[in-house]
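Colleague: I'll drop the sequence and a predicted model, then ask my questions.
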Amino acid sequence: MKIAIVHYHLGPGGVSKVIATTSHWLTGSGVRHVILVDSPPECSEADLPVRMVPGLGYRPLASADDLLARLQAGACTALGGPPDLWHFHNHSLGKNPWLPEVVARLAEEGERMVLQIHDLAEDGRPGNYQEIADCGKLYPASGRIRYVFLNSRDRAVFREAGLDENSSVLLGNPVSPPVRHARDDSLPPVLFAPVRGIRRKNLGEMVFLSALAPAGARFAVSRAPVARDALAIHDTWRKFAKLQRLPIEFDVVDHVAPAPGVSPAFDSWLSHASHIITTSVAEGFGLPFLEAAGLGKPLLGRNIAHLTADHARHGILTGDLYDKILVPTEWVDLAILRDHLHTTLERNHRAYRRPLPRERADATFSTLIHRGWLDFGNLPEPLQQGVIERLADPACRGIPLVEQNCETRSAEEWLAAAIDNRSPTASPAQLAPYSPAEVGTALLSVYSELMDHPLSAVRFLPPAGILDAYLTPKSFHFLLSTPPPASGSRLPFRAVIFDIYGTLLMAPPGRVEPDPAADLLLRDVLRQFGHPPPERPSADLHAAVLRHHAAAGVPFPEIDLRVLWREILGLDPYEEVTDMVIALESAWHPARPMPGAAAFVRQLARAGLSLGLLSNAQCNTLRSLGNLKDLFAPELTLLSYRHGIAKPSPELFEMLTERLAARGIAPSETLFIGNDPLTDIVPAAACGMRTALFTGHPDSLRPGACFPDFEIRDWHSGIIGYAR
């Protein structure tokens, strides 16, 4: 049996540790294998059978073809022939856009595969999801494919999405009991978090606990993150804690010693720690929970219920853990919390390319309130800091509660008791079900079963169903969301509203006039939809427009094309004709993206701005925008056909300002971008908005005098400066 194990890298991290441990066990069992990674390993094991495949990492090659060819060549060279089985780790995490396509092709070619899911882009990693959003073949399934899950929750999600029971395996990570370190219990307590301080580790909660801790206790976070965005959040907490003079230190390994005259190395911190602490809000497996048992140290902190439930099936009680830290709603401005929630949901849904349903914010907000209390861990960082500042008042220290198994007690009293306890709740012997031998034997059983399985048909699980399972109000968490933009990159606007035609889309003039050259096209489309066409459909439509405009009684009427075509064709007033109208407009007035516009809009979306549309448009317009339409807030999207009025009617712009006000956004905080001086710039400016005139295409700019605040000469250069 020849196995090719594939991962992006073997740098520091849990997945690398799992691969290294598994590889050692396979080598000891005589199983020939190779580990294919992008770059030389950074982990300490130098005897791993590693082969580099440039382009497999986070900076991918130009195509999936290139990556597949390199993987096959690397495996064949290392193994003396094609592998009998491919073992991919985190193929769908979104770190390399070509890897899911490679997996899909191997599946379609009948290759045997193990797909081990450690983390999911759908589960609190909206930034990663961008790389896999367009992949419809993300999750192949056949008799020759096995999915390995670290926890029962993820396995249940895939089962619900259609994965066969026989194709899914629940297999924990191998845990090698670390070297135990004796400690003098008479020394002051040291609560050590052996983690890299990324956002989901909930650093604010560790700072909160340090503010509540009894005198003499010391808290420490082992390492700083590497990614710039994550490092900025980490450093913000470090500065805040220092300003508040709290007993917590960050990035201590190799920089700060746990005691005078001793080494600052990681093992030294483990040795001198009295407790292991975890405040993480999400883990794939919960390795820190089990490692504390191996160290013989008590564990305290936040529970992750579905993980500790899996551990409990093996009889392991992993620590003194709480389900929530509760603070009174009076300690948080709920209007500000709601505003944070709305903008965060927008950023998340943009990243996941989903429209934000109108009711989603209210439904999610209701999950944050717990009988008059808020869970500190599910607050945005600025509000967490405000709560911590209250703890400086001695009268406030006794108010927060911890909830454990639906019962509450004083958080301050719980923490003092947990720190006073020096006895671990689990023993190293209880880790036997997760030993490398147990996990390796189970994995080898999966390999052997696949080797005996004949060729079978391949199908693909619906990726939308898997995303839906994680994108629910109940599963929302601020710390698992797209982070807010860095303060240094914030634009001087909170909202940007776009015109569409001539700004985001290029299209022939959309005026409805008799057009004999188009009648042949229109008649063909009408026949395709089963309707006998009139002789001159464009002239009939023009006449219908004139009749309705005359009867409208408003200065700038807009008539829904669906109403007009039903009238022309003699159809029932309620007959569904949207697809037909879209086909007619696509034939008569085909639209295509304005070069560079999509990238510009996505840049604004990533910056966390509220985005909207105000345009003279019909039911086909949003379809013409493709996936870009999902980046615009539904309530900030005003299309003329929906309201019976068209630009430059002041009513549309007044309606927009009211909807912006509901978000707490003033007109002066809003930029309106359009290509028409008279229907875009003048009415937007009259409402108090800032304006930008788009002049980036020769067919776009309309005549008329206006005085915009900015000019956009092309989308690639963006807003280039004041026009006046």
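Modeller: Yes, it's here. Small disclaimer: the values here were computed from a predicted structure and weren't measured.
Colleague: which of the residues in stretch 32-49 are buried?
Modeller: Buried residues in stretch 32-49, defined by neighbour count with 16 or more other Cβ atoms under 10 Å: 33-39, 41, 43, 48. The C-beta positions use only the backbone N, C-alpha and C, and glycine is treated the same way.
Colleague: Between those residues, which sits nearest Ile19?
Modeller: Taking Cβ to Cβ as the measure, Ile35 is the one of the buried residues of stretch 32-49 closest to Ile19, at 6.2 Å.
Colleague: Strand partners (parallel or antiparallel) of the helix or strand hosting the closest one?
Modeller: Here Ile35 sits within strand 32-37, counting by DSSP states H and E. Within its sheet, strand 32-37 is paired with strand 2-6 (parallel), strand 50-52 (parallel), according to DSSP bridges.
Colleague: how about stretch 354-370: buried residues?
Modeller: Residues of stretch 354-370 classed as buried under the neighbour-count rule (16+ other Cβ under 10 Å) are 354-356, 360-361, 364-365, 368.
Colleague: can you check stretch 223-236 too?
Modeller: For stretch 223-236, the neighbour count (16+ other Cβ under 10 Å) marks 223-225, 230, 233-234, 236 as buried.
Colleague: Show only the entries of the residues you listed found in strands.
Modeller: With DSSP state E as the criterion, strands contain Arg223 from among the buried residues of stretch 223-236.
Colleague: can you put the buried residues of stretch 223-236 in CSV and add pLDDT?
Modeller: As requested, those are arranged in CSV below (pLDDT from 0 to 100):
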residue, pLDDT
Arg223, 94
Ala224, 94
Pro225, 91
Ala230, 88
Ile233, 92
His234, 95
Thr236, 93
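Colleague: starting at the chain centroid, how far to the one helix or strand Glu711 maps to?
Modeller: If you go by DSSP H and E, Glu711 is part of strand 710-712. With Cα atoms, centre = their mean, to the nearest Å as the basis, the distance from the averaged C-alpha position of strand 710-712 to the chain average is 32 Å.
Colleague: with the buried residues of stretch 354-370 in mind, which one is nearest to Ala617?
Modeller: Sorting those by how near they are to Ala617, with Cβ to Cβ, puts Pro355 at the top with 16.4 Å.
Colleague: tell me the secondary structure for the residue nearest to that closest one when sequence neighbours are not counted?
Modeller: Ranked by Cβ to Cβ, 6 or more residues apart in numbering and with sequence neighbours excluded, the top spatial neighbour of Pro355 is Asp630, at 5.3 Å. Per DSSP: H, G, I helix; E, B strand; the rest coil, the secondary structure class of Asp630 is helix.
Colleague: is it true that Val18 touches Asn173?
Modeller: Yes. Val18 lies in contact with Asn173 (Cβ atoms under 8 Å); the separation is 5.0 Å.
Colleague: Now His89, what are its backbone angles?
Modeller: The main-chain torsion angles of His89 are listed as degrees, to the nearest 10 and equal phi -110, psi 120.
Colleague: Please name the residues that touch the residue nearest to the spatial centre of the chain.
Modeller: Closest residue to the average C-alpha location of the chain: Pro126 at 1.1 Å, with Cα atoms, centre = their mean. Contacts were defined as Cβ atoms under 8 Å, 6 or more residues apart in numbering; by that measure Pro126 touches 347-348, 351-352, 481-482.
Colleague: From Ser23, how far off is it?
Modeller: 32 Å (Cβ to Cβ, to the nearest Å).
Colleague: Show the pLDDT at the nearest residue to Ile399 once chain neighbours are set aside.
Modeller: The spatial neighbour of Ile399 that comes closest, neighbours along the chain excluded (Cβ to Cβ, 6+ apart), is Pro328 at 6.5 Å. Here the pLDDT value assigned to Pro328 is 96.
Colleague: same thing with Gly488?
Modeller: According to the model's per-residue confidence, Gly488 sits at a pLDDT of 41.
Colleague: what does Pro97 give?
Modeller: Here, the pLDDT recorded for Pro97 equals 88.
Colleague: Equivalent analysis for Gly13, please.
Modeller: Reported pLDDT at Gly13 in the predicted model: 76.
Colleague: got it, and the one 3 residues further on?
Modeller: Note on Ser16: pLDDT of 88.
Colleague: and the nearest residue to it once chain neighbours are set aside, helix, strand or coil?
Modeller: Leaving aside its chain neighbours, Ser16 sits nearest to Leu10 (4.6 Å; criterion: Cβ to Cβ, 6+ apart). Three states are possible here, and by three-state DSSP the one that applies to Leu10 is coil.
Colleague: Do I have it right that Leu10 meets Pro49?
Modeller: No. At 11.5 Å, Leu10 and Pro49 do not qualify as touching, with contact defined as Cβ under 8 Å.
Colleague: ok, back up a step: how close does the residue nearest to the centre of the chain sit to Tyr470?
Modeller: Distance, Pro126 to Tyr470, using Cβ to Cβ: 10 Å.
Colleague: hang on, the earlier thing: got the phi/psi numbers for the residue nearest to the centre of the chain?
Modeller: Per degrees, to the nearest 10, the residue geometry at Pro126, taken as phi and psi, is phi -60, psi -30.
Colleague: how many neighbours does the residue lying closest to Arg459 once chain neighbours are set aside have?
Modeller: With sequence-adjacent residues excluded and distances taken as Cβ to Cβ, 6+ apart, Arg459 is closest to Ala141, at 5.4 Å. Neighbour count for Ala141, taken as other Cβ atoms under 10 Å: 23.
Colleague: now do Pro508
Modeller: Here the count is done by other Cβ under 10 Å, and Pro508 has 12 residues near it.
Colleague: part of a strand, is it?
Modeller: No. According to three-state DSSP, Pro508 belongs to no strand; its state is coil.
Colleague: residue contacts, the residue nearest to Ile399?
Modeller: With contacts taken as Cβ under 8 Å, 6+ apart, Pro328 has the following neighbours: 372-374, 399.
Colleague: ok, the residue nearest to Ser16 to Val18 distance?
Modeller: As defined by Cβ to Cβ, Leu10 lies at a distance of 11 Å from Val18.
Colleague: where are the low-confidence patches of this protein?
Modeller: Under the criterion pLDDT under 70, the flagged ranges of the chain are 42-46, 177-183, 485-491, 510, 718-724.
Colleague: in it, which helix has the most residues?
Modeller: With secondary structure taken from DSSP state H, the chain has its longest helix at helix 334-351.
Colleague: For that one, give me every contacting residue.
Modeller: Applying Cβ under 8 Å, 6+ apart, the contact partners of helix 334-351 are 126-127, 129-130, 355-356, 360-361, 364-365, 368, 374, 379-380, 382-383, 471, 476, 478, 481-482, 484, 605, 608, 610, 630-631, 633, 663-664.
Colleague: secondary structure class for Asp119?
Modeller: Classification of Asp119 using three-state DSSP returns coil.
Colleague: contacting residues for the closest residue to Asp84 other than its chain neighbours?
Modeller: Using Cβ to Cβ, 6+ apart and skipping the chain neighbours, the partner closest in space to Asp84 is Lys2 (5.0 Å). Lys2 makes contact with 32-33, 79-85, according to Cβ under 8 Å, 6+ apart.
Colleague: at 6 Å instead, please
Modeller: Contacts were defined as Cβ atoms under 6 Å, 6 or more residues apart in numbering; by that measure Lys2 touches 32, 79, 83-84.
Colleague: what do you get for Ile304?
Modeller: For Ile304, the residues meeting the contact criterion (Cβ under 6 Å, 6+ apart) are Glu283.
Colleague: Phi first, then psi, for it.
Modeller: Here the main-chain torsion angles of Ile304 (degrees, to the nearest 10) amount to phi -120, psi 100.
Colleague: do the same with Glu403
Modeller: Backbone phi and psi, for Glu403 under degrees, to the nearest 10, turn out to be phi -110, psi 120.
Colleague: Helix or strand: which one has Leu321?
Modeller: Secondary-structure assignment from DSSP H and E places Leu321 in strand 320-322.
Colleague: Please name the nearest non-neighbouring residue to Gln130.
Modeller: Using Cβ to Cβ, 6+ apart, the nearest residue to Gln130 is Ala351, at 6.2 Å.
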